[in-house]
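A.B. asks: Build me a model from this:
(chains A and B)
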Amino acid sequence: DSGVTQTPKHLITATGQRVTLRCSPRSGDLSVYWYQQSLDQGLQFLIQYYNGEERAKGNILERFSAQQFPDLHSELNLSSLELGDSALYFCASSPKTSSYNEQFFGPGTRLTVL
Amino acid sequence: AQSVTQPDIHITVSEGASLELRCNYSYGATPYLFWYVQSPGQGLQLLLKYFSGDTLVQGIKGFEAEFKRSQSSFNLRKPSVHWSDAAEYFCAVGHFGNEKLTFGTGTRLTIIP
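C.D. replies: Predicted structure coming up:
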């Protein structure tokens, strides 16, 4: 158990819908990272927040957005969902901003878009 | 831009045999290198990491990896695999000042009796 929690574990929805994925980092970690893992794209970095501020952006679609709240939990919002958005979404956390620090991964949320 | 190549999509090894998983990276300066393991239905767990210093690093579960700058490689090794090592293994690269990790496509390891 990494100490990172993600909810829900599974999510099934329809095209065009909007969903919110939630992540609670390890106690004391200030950085939260979101990754998408799909069969065709592999494991891709989406976005990072540090202490409530957006710090880095990767291959995140405009239909997707994220935020980190004062209690440091983070939410990833996916809207206008398409079949291709079906994937495993991971959250990771680390104490500081640099990738020098190990990132601790949550168990993931499996999103299925029908 | 940094990139990672794991040339082996799937490897099958007999239990008790030795293992080497290949990883090649592309980055101009000194990279930070990681190996993660993902068991079915689980998140990623860090096996080991290299930042600087001794090029042979030891990790958890009896794994080790060697950083070879001349070959831009960071191969993962284990002298004797156990059935519980069956999983997907990911190599990742980062560097100072870059907030994200770039992952390879992964190598699926199957263990046969």
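
A.B. asks: To what extent is the residue nearest to A:F64 when sequence neighbours are not counted buried, counted in neighbours?
C.D. replies: Excluding its sequence neighbours, the residue lying closest to A:F64 (CB to CB, 6 or more residues apart in numbering or on different chains) is A:L78, at 5.3 Å. Using the backbone N, CA and C atoms, a C-beta is placed for each residue, glycine as well. Residues lying near A:L78 (other CB atoms under 10 Å in any protein chain shown) number 24.

A.B. asks: Enumerate every residue touching A:L78.
C.D. replies: A:L78 makes contact with A:18-21, A:63-64, A:85, A:111, according to CB atoms under 8 Å, 6 or more residues apart in numbering or on different chains.

A.B. asks: quick one: pLDDT of it?
C.D. replies: The model reports A:L78 with a pLDDT of 98.

A.B. asks: what's the closest non-adjacent residue to residue 2?
C.D. replies: With no chain named, the answer covers chain A. A:F104 (4.3 Å).

A.B. asks: hm, I was asking about chain B
C.D. replies: Closest residue in space to B:Q2, ignoring its immediate chain neighbours: B:Y27 at 4.2 Å, by CB to CB, 6+ apart.

A.B. asks: and the gap between the one you found and chain A?
C.D. replies: 12 Å (CB to the nearest CB, to the nearest Å).

A.B. asks: Does that residue touch B:V4 like I think?
C.D. replies: No. Counting by CB atoms under 8 Å, B:Y27 sits too far from B:V4 to count as a contact (9.1 Å).

A.B. asks: In contact with residue 92, which residues?
C.D. replies: Using chain A here. A:4, A:32-33, A:35, A:103-106, B:44.

A.B. asks: meant chain B, my bad for not saying
C.D. replies: Contacts of B:A92 (CB under 8 Å, 6+ apart): B:4, B:33-36, B:101-104.
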